[in-house]
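**Student:** Just a sequence and a predicted model for now, questions to come.
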Amino acid sequence: MSVRTVPSGTGPFRAIGLAAERRSPENPDGAEIRAALTPAGVAALVRHGCAVAVERGAGTALGLPDAAYAAAGAALQDHDALYRDKDLVIKLKGPAHRDLARMDPGSTLLCMVHARSVPERVAVAEEHGVNLLAMEEIRECPERLPDALLRARLAMRAVLGRAPDPPGDLALAFTFAEAPAGASTGLAAELFGALQYAARCRPAALRVVGSPALARGAFAVPCAELVALARALPAARVDAYRASLPVRRFGRRRIHCLHETGRAGARFGVGLALRRCHGPAAAAGLSTVVLGYGNVAFGALDECLRQGVAAVEVLTRRTALRPAVRRHLATADLVVNGIELAPRLRGRHYVITDDDLGTVLRPGTVVVDLVGGCPGNRTPVQPVVSSTSPLRPCVVRAGVHLASVWGWPLLGFARESAERYSAQIVRLLLEDEHLADGLATAPPGVRRALVAGPAAARCGPPLPGPSPDVALSATLNG
């Protein structure tokens, strides 16, 4: 294993370590089993010329043996050695503070930092001169809108143009000729953009149903027709539409598994709702509400339909406002929250309040919070103060089941999410942002995510505002 040679942390990353997930503030009971890089990801870095060390056992619980990492060209190291003599250490969840303190001054840690939830981590990094790069804060720069998203917007705009009333006066129902329950492919990518466009029009109601018969007088949007229309649009029209849009400096998160998060949370929620003593016998009978229409909420919607839920109410900014939201909460068997509040509203505004327990929400209702929170960064679900563990995902208050797991994909999508993270990290290092060349040449979408260390002063501005997806509790010991 070669010794790193760049004390400032701004030069190329040549000596890279992959740390195993151990007990830490985010992982107090050791439930996290994923590895940030798969053997395929390690092999790509080795081919690039990086010397990669992998902590022994890093992927064992996920079915990725040490032998597979060794075959990919990695050196295997013990825990104590892994954090030393590295330009870059990669980890999924933030490490215990004692492990961060082991790192050499000027080295860089790439992980889910969650600085507002675990502020002690930033203080330790500053004390030891370690560059802390928040994986969850890295963004596209500039924003890059996929063709499927733009096609979906154009198609939805054309469909709404045929509606008898303005979009804001409509009750919209996305309909399927047959319920997509059990479909292995899930919802088409175009449907995300169409649903998001429709939601931003602030309709009177928005639901997704497994049969046109369930539209119940709403303006029906046949999903098959919508997807066909989107895919048939000429490329020139899509390009012209893209050219007409303002280019935002920062776009989507570069490293995430939001869809898997939504799917895992919804799968857990459906299962729990069906196990209630007085609940419906089949998923089709569940009265289901999804709050929000972003990536994580769409993942939840996707999984609800795969599980056989017949109709899902999707609450937009208009219908999620109080007191209107109370009407939906009062009849729901399953509520899935995908709404992330602006930083200025956290701890001040709630979509579901403590008072809703026992007065609006019925005993036995299941509330799944996909956003998560801690005392310093509250979720829009006021009864959720701190996120729960995958080993103990649910608590009950006033008869209402509350689940807000900090690692939702561990409940059914551990391997898929690990593979997704690995592929995204490799692209970040070697392809799109070329982060392997060092922090000094990193683009603004990476530099904005530097939250501590000597390179933060040299390479970029402070973190702009609280982390948008804090899902951890700063009260846990690490």
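**Tutor:** Yep, it's here. Numbering: from 1, shown residues only.

**Student:** show me where pLDDT drops low in this structure?
**Tutor:** Residues of the chain that meet the criterion pLDDT under 70 lie in 1-10, 178-185, 277-278, 457-478.

**Student:** Which parts of it belong to which domain?
**Tutor:** Following automatic domain parsing, the chain resolves into domains at 15-141+414-459, 144-246, 258-412.

**Student:** Mind checking those for the one nearest to residue 252?
**Tutor:** With respect to residue 252, and counting by Cβ to Cβ, the nearest of the domains of the chain is domain 15-141+414-459 at 5.4 Å. To be clear about C-beta, it is placed using only N, CA and C from the backbone, and glycine gets the same treatment.

**Student:** Any idea how far that closest one is from the middle of the chain?
**Tutor:** 18 Å (Cα atoms, centre = their mean, to the nearest Å).

**Student:** please renumber so the chain begins at 411
**Tutor:** OK, 411 is where the count begins now, so the last one is domain 425-551+824-869.

**Student:** Make sure I have this right: residue 723 is in a helix.
**Tutor:** No. Read with DSSP: H, G, I helix; E, B strand; the rest coil, residue 723 is strand and lies in no helix.

**Student:** quick one: the biggest helix by length in the chain to strand 721-725, angle?
**Tutor:** As assigned by DSSP state H, the longest helix anywhere in the chain is helix 668-685. Following axes from the mean of the first three to the mean of the last three Cα atoms, to 10 degrees, one obtains 130 degrees for the angle between helix 668-685 and strand 721-725.

**Student:** what comes into contact with the helix or strand just after helix 668-685?
**Tutor:** Note on helix 668-685: by DSSP states H and E, the next helix or strand toward the C-terminus is strand 698-701. Residues outside strand 698-701 that contact it (Cβ atoms under 8 Å, 6 or more residues apart in numbering) are 676, 680, 707, 710-711, 714, 719, 721-725, 730, 735, 738-739, 742-749, 761, 790.

**Student:** what bridges to residue 585?
**Tutor:** residue 619, residue 632 (DSSP bridges).

**Student:** mind checking how far the residue lying closest to residue 751 once chain neighbours are set aside is from residue 514?
**Tutor:** Counting by Cβ to Cβ, 6 or more residues apart in numbering, the nearest residue to residue 751 once its immediate chain neighbours are dropped is residue 790, at 5.4 Å. For residue 790, the distance to residue 514 equals 41 Å [Cβ to Cβ, to the nearest Å].

**Student:** More neighbours: the two, which one.
**Tutor:** Neighbour count, other Cβ atoms under 10 Å: between residue 790 and residue 514, residue 790 has more, with 23 against 18.

**Student:** Run through the residues that contact that one.
**Tutor:** Counting by Cβ under 8 Å, 6+ apart, residue 790 touches 701, 747, 749, 750, 751, 759, 760, 761, 762, 781.

**Student:** can you tell me which of the residues you listed are in strands?
**Tutor:** 701, 747 (DSSP state E).

**Student:** Of the contacts of residue 790, select the buried ones using a PyMOL command.
**Tutor:** Command for PyMOL that selects the buried part of these, burial taken from 16 or more other Cβ atoms under 10 Å:
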select buried, resi 701+747+749+750+751+760+761+762+781
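
**Student:** out of the contacts of residue 790, who's nearest residue 480?
**Tutor:** Nearest member of the contacts of residue 790 to residue 480, counting by Cβ to Cβ, is residue 781, at 38.8 Å.

**Student:** Tell me if I'm right that that closest one and residue 749 touch.
**Tutor:** Yes. Using Cβ atoms under 8 Å, residue 781 is in contact with residue 749, at 6.9 Å.

**Student:** Could you list which residues are in contact with residue 822?
**Tutor:** Residue 822 touches 673, 674, 677, 678, counting by Cβ under 8 Å, 6+ apart.

**Student:** no wait, residue 466
**Tutor:** Applying Cβ under 8 Å, 6+ apart, the residues contacting residue 466 are 430, 476, 486, 487, 488, 489.

**Student:** Check residue 794 too.
**Tutor:** 777, 779, 782, 783, 788, 812, 814.

**Student:** what does residue 582 give?
**Tutor:** Here residue 582 is in contact with 608, 613, 615, 616, 617, 628, 629, 631 (Cβ under 8 Å, 6+ apart).

**Student:** Among those residues, which lie within strands?
**Tutor:** Going by DSSP E, the strands hold 615, 616, 617, 629, 631 from these.

**Student:** Give me the number of neighbouring residues for the first one.
**Tutor:** Neighbour count of residue 615, defined by other Cβ under 10 Å: 18.

**Student:** these two touch, right, it and residue 726?
**Tutor:** No. Taking Cβ under 8 Å as the definition, residue 615 is not a contact partner of residue 726, at 9.0 Å.

**Student:** List the residues that contact the residue lying closest to residue 559 once chain neighbours are set aside.
**Tutor:** Closest residue to residue 559 apart from its sequence neighbours, by Cβ to Cβ, 6+ apart: residue 603 at 4.0 Å. The neighbours of residue 603, taking Cβ under 8 Å, 6+ apart as the test, are 558, 559, 560, 561, 562, 563, 566, 640.

**Student:** Just the CA coordinates for the helix or strand where residue 603 lies, please, in PDB.
**Tutor:** For residue 603, the enclosing helix or strand under DSSP H and E is helix 599-610. Listed next in PDB are the C-alpha coordinates belonging to helix 599-610 (Å, rounded to 0.1, in the frame of the first residue of the first chain):
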ATOM      1  CA  ALA A 599     -39.500   7.300 -15.800                       C
ATOM      2  CA  GLU A 600     -41.700   9.700 -17.800                       C
ATOM      3  CA  LEU A 601     -44.500   9.400 -15.200                       C
ATOM      4  CA  PHE A 602     -42.300  11.100 -12.500                       C
ATOM      5  CA  GLY A 603     -41.900  14.200 -14.600                       C
ATOM      6  CA  ALA A 604     -45.600  14.300 -15.600                       C
ATOM      7  CA  LEU A 605     -46.800  13.800 -12.000                       C
ATOM      8  CA  GLN A 606     -44.400  16.500 -10.800                       C
ATOM      9  CA  TYR A 607     -45.600  18.900 -13.500                       C
ATOM     10  CA  ALA A 608     -49.200  18.300 -12.600                       C
ATOM     11  CA  ALA A 609     -48.500  18.700  -8.900                       C
ATOM     12  CA  ARG A 610     -46.900  22.100  -9.400                       C
END
